[in-house]
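> Provided below are the primary sequence and the corresponding predicted coordinates.
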Amino acid sequence: MTVSGEILDQHWLDSRARPFIHIRGVTKQFGGFTAVNNVDLDIYQGELFCLLGGSGCGKTTLLRMLAGFETPTSGVISIDGVDMNDVPPYERPVNMMFQSYALFPHMNVENNVAYGLKRDGLSKEEIRLRVGEMLAMVELSDFSKRKPHQLSGGQKQRVALARSLVKRPKVLLLDEPLGALDKRLREQTQFELMNIQDRLGVTFVVVTHDQEEAMTLSTRIAVMDAGQFVQVGTPTEIYEYPATRRVADFIGSINMFEGRVTENDADHVVVDSTDNALRFFMDHGASVSDGSRVWVAVRPEKIRLSRTPPPNEANQIEGVVQDIGYLGNVSIYRVRLESGMIVEVTVPNQTRPRDGKHAAGWEDRVFLDWEASSAILLTR
Ligand SMILES: Nc1ncnc2c1ncn2[C@@H]1O[C@H](COP(=O)(O)OP(=O)(O)OP(=O)(O)O)[C@@H](O)[C@H]1O
Ligand SMILES: [Mg+2]
């Protein structure tokens, strides 16, 4: 059962487990331009794997190579132990749901879903059963006679999903499946997608440029940049232990202090900030050298905000509240340091603000601090 995106069977940690999708040294060039640059990746059966990255970083190209619509310039892709090099798209155990999931406008919902099965020559009875089962799963049984233009965006999206799943592919490739939906429907559909995936055990590879979506949906995420993987890991790993400043910045918000390593021991690291008169203490070792240039990164929710100085001196910052964003469940404080740097702090609204007053007000002097284990040390 899936609780969050992270399933309990973490096959990628088991050295004996056989990956379902095996990608080695795959490159795709269009003319002189390298869209996908020598990537390696293993995806396991039943995973909901997300490819995450900015526009043009090569997500769709990689998906199209898995589907067989593009041929790698070099490298190997195998699925379920079979080398896909000479296997045409229609013979692969894969189905792809495109970025713009075009439904057939003149066909009703039922016929849209049945299309692929009819083409495969299945019996009328078998088609009726399988389409019925699929529509029940995406909760569209009552809409089977409607045409696409009589459906909402979310309903159309579910028809497209039913149409991709009805042929029972072992792998479903989804390119920005929720891109056309508004935020609320998107969140609801994310959970439906996770449920369906959980029930069918199909391996999903989902492309998105929405980091929140990737965090919610996936067992693992590959963060892509300029045709390469910058980091591959579970949502927690990517969020709590980003490998680079770019990943840290891309996933969630983060405060970044540049500095130099002044103490470097097996159990702690001390960093002196370059632009602020600040000293940071980390209670864990890191592979850095004395005097090297590093970045101390702290997420806004890891920082405490108080009106009086906190007891411990390390990781302590003084500043002035410049801005408060009240989001209901949390408030976001933007605190200006003496150097002019802005630090973002998220404060949960555990109690209702009294008389409309918040933990601190505009232009109030405040103190920020965090646990020695909370900061991330980045070297690139
Ligand atoms: N057929 C093609 N010919 C030439 N260049 C291409 C072709 N297809 C893709 N590209 C280029 O390869 C790069 C990667 O494209 P791709 O479609 O994989 O990006 P993407 O990560 O899916 O982006 P988006 O989030 O905008 O959909 C882009 O710079 C794109 O212009
Ligand atoms: Mg794309």
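Perfect, thanks for sending it. Computed from a prediction, not measured in an experiment: that's the story for all the values here. Ligands and ions are numbered 1, 2, ... in the order given.
> in stretch 21-40, what's buried?
21-23, 26-28, 34-36, 39 (16 or more other CB atoms under 10 Å). The C-beta positions use only the backbone N, C-alpha and C, and glycine is treated the same way.
> ok, and of those, which contact ligand 1?
When contact is defined as CB under 6 Å from any ligand atom, those meet ligand 1 at Ala35.
> pLDDT and secondary structure for the buried residues of stretch 21-40 - can I get that in CSV?
Formatted as CSV, the buried residues of stretch 21-40 follow (pLDDT from 0 to 100; DSSP: H, G, I helix; E, B strand; the rest coil):
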residue, pLDDT, secondary structure
Ile21, 96, strand
His22, 96, strand
Ile23, 97, strand
Val26, 98, strand
Thr27, 98, strand
Lys28, 98, strand
Thr34, 97, strand
Ala35, 97, strand
Val36, 98, strand
Val39, 97, strand
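> and the helices in the stretch 151-300 of the chain?
153-165, 183-200, 211-217, 235-240, 245-250 (DSSP state H, counting those that start in this stretch).
> need the least confident one among those helices, by mean pLDDT.
Lowest mean pLDDT of the helices of the stretch 151-300 of the chain: helix 183-200, a mean of 78.
> what inclination does that one have with respect to helix 153-165?
Interaxial angle, helix 183-200 versus helix 153-165 (axes from the mean of the first three to the mean of the last three CA atoms, to 10 degrees): 20 degrees.
> now do the least confident helix or strand in the chain by mean pLDDT: which elements does it pack against?
Among the helical and strand segments of the chain, the one scoring lowest on mean pLDDT, DSSP states H and E is helix 183-200, with a mean of 78. With contacts taken as 3 or more CB pairs under 8 Å, 6 or more residues apart in numbering; DSSP states H and E, helix 183-200 sits against strand 48-52, helix 153-165, helix 211-217.
> so what's the residue nearest the centre of the chain up against?
A centroid search over the chain (CA atoms, centre = their mean) returns Ala214, at 2.3 Å, as the residue closest to the centre. Going by CB atoms under 8 Å, 6 or more residues apart in numbering, Ala214 touches 50, 52, 206, 208, 221, 235.
> got any ranges where the chain has weak pLDDT?
By pLDDT under 70, the weakly predicted segments of the chain are 1-9, 99-101, 180, 353-358.
> contact residues of it facing ligand 1?
Going by CB under 6 Å from any ligand atom, the residues of the chain near ligand 1 are 30, 33, 35, 53, 55-61, 209.
> looking at these, which are in strands?
Filtering the residues of the chain next to ligand 1 for membership in strands, criterion DSSP state E, returns 30, 33, 35.
> of the residues you listed, which is the nearest to Arg336?
Ala35 (42.1 Å; CB to CB).
> do you know how far the nearest residue to Arg380 once chain neighbours are set aside is from Val271?
With sequence-adjacent residues excluded and distances taken as CB to CB, 6 or more residues apart in numbering, Arg380 is closest to Thr244, at 5.3 Å. With distances taken as CB to CB, to the nearest Å, Thr244 is found 17 Å from Val271.
> same drill for the two, tell me which one is more crowded.
Val271 (27 against 16; other CB atoms under 10 Å).
> separation between the residue nearest to that one when sequence neighbours are not counted and Leu185?
Leaving aside its sequence neighbours, Val271 sits nearest to Gly259 (CB to CB, 6+ apart; 4.1 Å). Counting by CB to CB, the separation of Gly259 from Leu185 is 44 Å.
> give me the more crowded residue out of these two.
Gly259 (21 against 16).
> could you grab the helix/strand/coil label for Leu117?
Recorded secondary structure, Leu117: helix (DSSP: H, G, I helix; E, B strand; the rest coil).
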